[in-house]
Every structure is written in structure tokens, then in C-alpha cells.
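Engineer: Got a predicted structure here, sequence first:
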Amino acid sequence: MNIQQLRDMAAATRSLQKQVKVLGPKDDDELHRWILQNLGMNIPRVAVCDGHNSPFEFISDIYFERVTSAIAMASRGGSKTMSSAIIHLLNSIYKPRCQSISVGAQLAQADRVYENLKILLKIHGKVDDVDKHPMIARSIQQITQFINDAKVEILPGTISAVNGPHAPKVHTDEVDIMDYGVYLESRNISQSLSYFVDGPNGEQLEMTIIAQDWITSTRKSSSGLMQRLINEIEEAERQGFNPAYKLYTWCFVESAKPVNNCQIAFPKMPKEQTCECDRVVNGKWDDGKPRLFVDICKGRLAKPDGFTPLTDIHKRFEANDRNTWEAQQECSKPETGGMVFKGFDRQRMSIKWWEPRPEFGMIVQGVDFSGGANPAAVEWTQVLNRDIRWWGADQEKKDAPNRLIKAGTRIVFDEIYKSEVGNMEIAAMVMDREAQWKKMYPEFHVEYRFVDPANLDNRRDWHAIGLKTQFFCTRSIPEQVRTVNDLIKEDLFLFDSTRCIMLPLEMNAYHYPENRSGMEYEKEIPVDDYNHTVSAIRYTNENLKVIERKGLSKGVLPKTGKRHYTSKSPIKYSAPRYLSNNFLKGP
């Protein structure tokens, strides 16, 4: 094939690719008009708040493939899930052979994507049943197949579900409540798809559907996965690099219907004709004044072109406390309500590359044994006996350590986390990990191993192979929580982010139960779920407090109370919903 023939083939390929795109909307105006005319949805195009985007900008950038990776942080009720369903529909209709996947943090969330897609298909096809749509080949359970060989598949957020499938277009929903292992595995799903078609002269031309990943989620907490992704985006931009994802943000304002009688935006309008935002109240501001919705709006609701009526917004404002409102409606900060360790900040409390040299202080261990499908967690902690400077969370190894760590700080420097594992298998992992540390530091030694005394058989097994365990303190969970919170408050709790993967995720997820009608809870007892590293940390620090008071070791540790007692353990097995893989990175 000569040069001219190659040029002709390249031109034919570009022409064919352009022709495929021309089949659908060609620009933003046509896309917006297509959605309005074919789906009856007027997607907001106005970004009102500083630094925010419109929902339509997110949809158009993904559909026209202006970005390959995107994150939409939006308000509850901001149509994040519906936006992704619209993208799936457009891709399936106008991009033959396009395969799309939506992964929900939970099965119910995944099902909502599928239900939204079915609603759109019925509207678009003007049919009462999805199977009657002229472009649908079949629709069974969570798979919808189109006659042009496009396909949309819905997956629940489990390791087994996300481990295996590949598709060019991958949507992940509500990552802030998704297991971290599932999230990591889902990053391997997207893959560009190439196929061949007949050219104008009978030659084979290669077509490519590029890979795209997009995430939609609210931001629930200060050290959850969404905040972590946002931090990484901001840090990359700060250093002049291209972030892994483009961040799109919209709040209740961008989704709202315009308020044409806004009392702030139209001050000359007669009072009796204006909105009632100055009479909608929920709580008080920090200065004691009533927290009115007019203080929230400040005239902004006169500007959007969205769909949520003011009455709905008022209702949500009245139903949510300030913390939840600011996190889930304003998207202005992460939520801390209900969190056990509200002061825990992943960025502030993390260091890198800790070296547990014996001369730095006593080394101890906390263990939460596995219960069937529930993970076992082992956390190693060193109690620092001197002030020292070390590498902070935002430093590179080439930098000089600039994080000052106080004597008495408990540094969690290593971790084992694995589900569906036997007691003796965990013991073997512990011995192997400590053997690795001893190769680096021959005097490495674990002074105490703290294990819940309720696990008597497991303790006996460990004792038999030389892993002696202890427990000196109360088993009261509220007291243990207070001890950890005191350490956090006094900046005496740190962890190594290069080895301890699950600890910050569970610290962030550890929360108190919500009040529900007809249900009784112990208000000071956190929800017993996704808390295995946390349990190990509770055992460690409560026992260290007792050891300090008894004068068995030297240190600078905060005191949290005087009385210690033993009671029946309230710890129960948690629900078997954990990832089956483990995080066993050695030193």
C-alpha cells in the first residue's frame, strides 16, 4: 500500500468517524435541544455559585468526549444519577457498539441508574414498555442491549461484580459509601474499544470508542473517598499538573427553578408578592440569631434555570441540620454529623515512610479477630518517646522532613486487613510481617498485643505459638472512644498513609446510629459495622492509657478518666459485606 492509499484510508476513517458523530447532536445547543425535545428535560445550563458548573456542562463534556475522566460532586436531588442515565442513552443510540457500565456503591443505587434508563427509554420511544422501543434488542434484569450492538450494564458495588468486565464508558455512583477495595478494582474496568467496518472502497477501517470514567457522588465526610479525590485534584492543579479527574460541582442553587419573586433580587417588589424565605427557619447561627433561609439564598435563586421548586428546597432546609445541609445541599464542606471521630483529618494526621526504630519508643499491637466473612485487622503502633521531625502528608521523599511530632504521639505505622481468614493464618501473617521489620531493625520488638479478652480461644492459639496477648482496661466502647478522641484533640495520633490503607477509611466511616421510629439504640455505642481497624485502635489506646497510669512505661499521654471496669463486651459481629481482598503491603 503506497503513501497515497494510506492517506486515503486515514481520510476515510476520519470521515466515517465524523459521520457517526453527526448522527447525533453536533454541539452543545443541539444536545440541549435534543434532550428537551426527546426526553422533556430542561437540563440547567447556568452556573450560579462561584467555582460551580452547570449540570449540562457535565453531560455535554462527557458526551462529546472533551474529558476522559470526570467527577461530579453535586447536591442530593441534583439529578446526578439521571444525568448519567442520559449519557448512557445518548452513547447507546448514537455510538454503535458502545458498551457502558454503571457501578453503584450498593445494589439499590445501581438499580436506580437502571430504573432511570428505563424511564428515559420509554419517554424517548414513546412506549409503555422498554422492550417495545424500536432500538432495543432485549432488556433483561440489569442489561439493556440495543440493535446497533450498544449495551448498558448495571453492576453492584462488590468485588466479584467489578472484577472482570470491561467497557469504554464506565460510571461509578456514590463512591463516598463504596468499599475502598471495590473502588480500586472498578478503576480497571474502562477500556477503549476498537472495531473494523467496511470503507467506501471495500477496505477495512478501524473505529475506536475511547475509554471514559466518570464518578457522581455527594461528599459526606472530611476524610472520605470523595474528599480524598478532591484533595488530589486540587494538589495536582496547585503544582501545575494535569489532575486525574476534572471536577464538576453544582449545588441546590444550580438545580433550582428560578425564583421570580425573590425578595433580595427584586427589592422594589411589593412585600406581599415576594418569596417567604425570611420566614423559613432552622436552628440558629453561631451568634445566636435565627438561621433563616434568606441568609442562605442571598438572592441567588433568582438566577438559575433548573427544575427544583422553591417549596422543595424550603422543605429540605427545614428537614436537615446545618451540618448535613452544608455538606449535601450546598456542597460547601464535608459532613461531620454522626461521626464518632469528628476531629479526625486524614491529611493532617497522616505521615509517610515511618521507620519504627526501637530507640524511638515502645511498639504495641491491637488485634480485632475475623468473624467469618468479617475482616481481621492488625494495627502496629509506636509510642514516640521524643520530639522528632518526619515527612508530612504533602512531602516528597527528596524533601527534608518538616513535620514536628511530639513525644507521646501514637503512630500507627503498619496494618494487616483481610477477610475470610482463620485465626492461625493471621498469626502467620503477623509473624512474617514482624520478621521483615526485624531484618531492618534487629531490636524490633512488640511489647504488648492487645486483644479483646472475649476471644479466648483465639488468644490461647496465639499464646501457644509465642504471641502472648494482654488486656488491662475497660471494654466500654464509649470510654475507648473518648480516649481516642482525646488523643486526636491533643494532636497525639498519627498514621503512616503509605502502609495503613484501611484505618483512615474506617475512622471516617465510624458513626453513631440514626434515630429511627420504632427502633432503640444505645446512643453512645457506634454502629458495629466497618470498624475492625478502629476496634484494634480502641483496644490499643485504652490499654496504653492504663499502662501509663500504672507506671509500666514512660510517655506523655492525655488522661481521660479515673475509673476502669470490666463489663460484658457489647462488641458483636458486623454484617458480612466486606471486600475479600487484603492489604498486605510489607515494610
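Structural biologist: On my side now, so go ahead.
Engineer: What is the three-state secondary structure of the residue positioned nearest the centre of the chain?
Structural biologist: For the chain, the residue sitting closest to the mean C-alpha position, by CA atoms, centre = their mean, is residue 176 at 2.5 Å. Here residue 176 is recorded as helix under DSSP: H, G, I helix; E, B strand; the rest coil.
Engineer: Please name the residues that touch the closest residue to residue 379 other than its chain neighbours.
Structural biologist: Excluding its sequence neighbours, the residue lying closest to residue 379 (CB to CB, 6 or more residues apart in numbering) is residue 536, at 4.3 Å. For the C-beta atoms, the positions are set from N, CA and C on the backbone; glycine is no exception. Contacts here follow CB atoms under 8 Å, 6 or more residues apart in numbering; on that basis residue 536 touches 366-368, 377-379, 450.
Engineer: what two of those are the furthest from one another?
Structural biologist: Maximum pairwise distance in the contacts of residue 536, criterion CB to CB, is 12.2 Å, between 377 and 450.
Engineer: where does this structure dip in pLDDT?
Structural biologist: 1-22, 222-223, 335-337, 371-373, 514-523, 551-587 (pLDDT under 70).
Engineer: Domain ranges for it, per the record?
Structural biologist: Structural domains annotated on the chain: 27-251, 269-328, 350-512+523-549, as defined by automatic domain parsing.
Engineer: I'd like those written out as a markdown table, with distance to residue 334 added.
Structural biologist: Shown next, in a markdown table, are the domains of the chain (distance: least, CB to CB, whole Å):
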| stretch | distance to residue 334 |
| --- | --- |
| domain 27-251 | 4 |
| domain 269-328 | 6 |
| domain 350-512+523-549 | 9 |
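Engineer: returning to what we had before: thought the residue nearest to the centre of the chain was touching residue 219?
Structural biologist: Yes - with contacts defined as CB atoms under 8 Å, residue 176 counts as touching residue 219 at a distance of 6.3 Å.
Engineer: Just read off the phi/psi values of residue 169.
Structural biologist: Note on residue 169: backbone dihedrals following degrees, to the nearest 10 are phi -110, psi 120.
Engineer: bridging residues for the closest residue to it other than its chain neighbours?
Structural biologist: Leaving aside its sequence neighbours, residue 169 sits nearest to residue 100 (CB to CB, 6+ apart; 4.1 Å). Here residue 100 sits in beta bridges with residue 152, residue 169, going by DSSP bridges.
Engineer: overlap in contacts of residue 176 and residue 219?
Structural biologist: Here residue 176 and residue 219 have residue 226 as joint contacts, going by CB under 8 Å, 6+ apart.
Engineer: Give the buried residues for the helix or strand residue 111 falls within.
Structural biologist: Element membership of residue 111 [criterion: DSSP states H and E] is helix 107-125. Within helix 107-125, the residues that count as buried by 16 or more other CB atoms under 10 Å are 109-110, 112-114, 116-118, 120-121, 124-125.
Engineer: Kindly report the same for stretch 143-156.
Structural biologist: The neighbour-count check on stretch 143-156 (16+ other CB under 10 Å) flags 144-146, 150-156 as buried.
Engineer: now the residues you listed as CSV including distance to residue 398?
Structural biologist: Shown next, in CSV, are the buried residues of stretch 143-156 (distance: CB to CB, whole Å):
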residue, distance to residue 398
144, 51
145, 52
146, 52
150, 48
151, 47
152, 46
153, 44
154, 45
155, 41
156, 43
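Engineer: Buried residues of stretch 428-443, list them for me.
Structural biologist: For stretch 428-443, the neighbour count (16+ other CB under 10 Å) marks 429-430, 433-434, 437, 441 as buried.
Engineer: Tell me the gap between it and the middle of its chain.
Structural biologist: On the basis of CA atoms, centre = their mean, to the nearest Å, stretch 428-443 sits 33 Å off its chain's mean C-alpha point.
Engineer: Numbering from 812 from now on, please.
Structural biologist: With the count now opening at 812, the last piece we talked about shows up as stretch 1239-1254.
Engineer: contacts for that stretch?
Structural biologist: Applying CB under 8 Å, 6+ apart, the set of residues contacting stretch 1239-1254 is 1166-1169, 1176, 1189, 1225, 1227, 1229, 1255, 1257, 1276, 1278, 1395, 1397-1398.
Engineer: wait, doesn't residue 1310 sit right on residue 1227?
Structural biologist: No - counting by CB under 8 Å, residue 1310 sits too far from residue 1227 to count as a contact (10.0 Å).
Engineer: Now list whatever residues contact both of residue 1188 and residue 1261.
Structural biologist: Common neighbours of residue 1188 and residue 1261 (CB under 8 Å, 6+ apart) are 1178, 1347.
Engineer: picking that back up, residue 1310 and residue 1227 - which one has more neighbours?
Structural biologist: The neighbour comparison of residue 1310 against residue 1227 (other CB atoms under 10 Å) goes to residue 1227, with 25 against 20.
Engineer: From the contacts of stretch 1239-1254, pick the one nearest residue 1342.
Structural biologist: The closest of these, once distances to residue 1342 are taken by CB to CB, is residue 1189, at 14.5 Å.
Engineer: quick one, phi psi at that closest one?
Structural biologist: phi -130, psi 130.
Engineer: and if you look at residue 1222?
Structural biologist: phi -110, psi 110.
Engineer: Return the residues in contact with it.
Structural biologist: By CB under 8 Å, 6+ apart, the residues touching residue 1222 are 1162, 1165, 1192-1195, 1216, 1305-1307.
Engineer: and if you look at residue 1106?
Structural biologist: The contact partners of residue 1106, by CB under 8 Å, 6+ apart, come to residue 1096.
Engineer: where along the stretch 862-1011 of the chain do the helices fall?
Structural biologist: 866-874, 891-905, 918-936, 970-973, 991-997 (DSSP state H, counting those that start in this stretch).
Engineer: And the shortest one, how far out from the chain middle?
Structural biologist: How far helix 970-973 lies from its chain's middle: 17 Å, per CA atoms, centre = their mean.
Engineer: And it, what's buried?
Structural biologist: With burial defined by 16+ other CB under 10 Å, the residues of helix 970-973 counted as buried are 970, 972-973.
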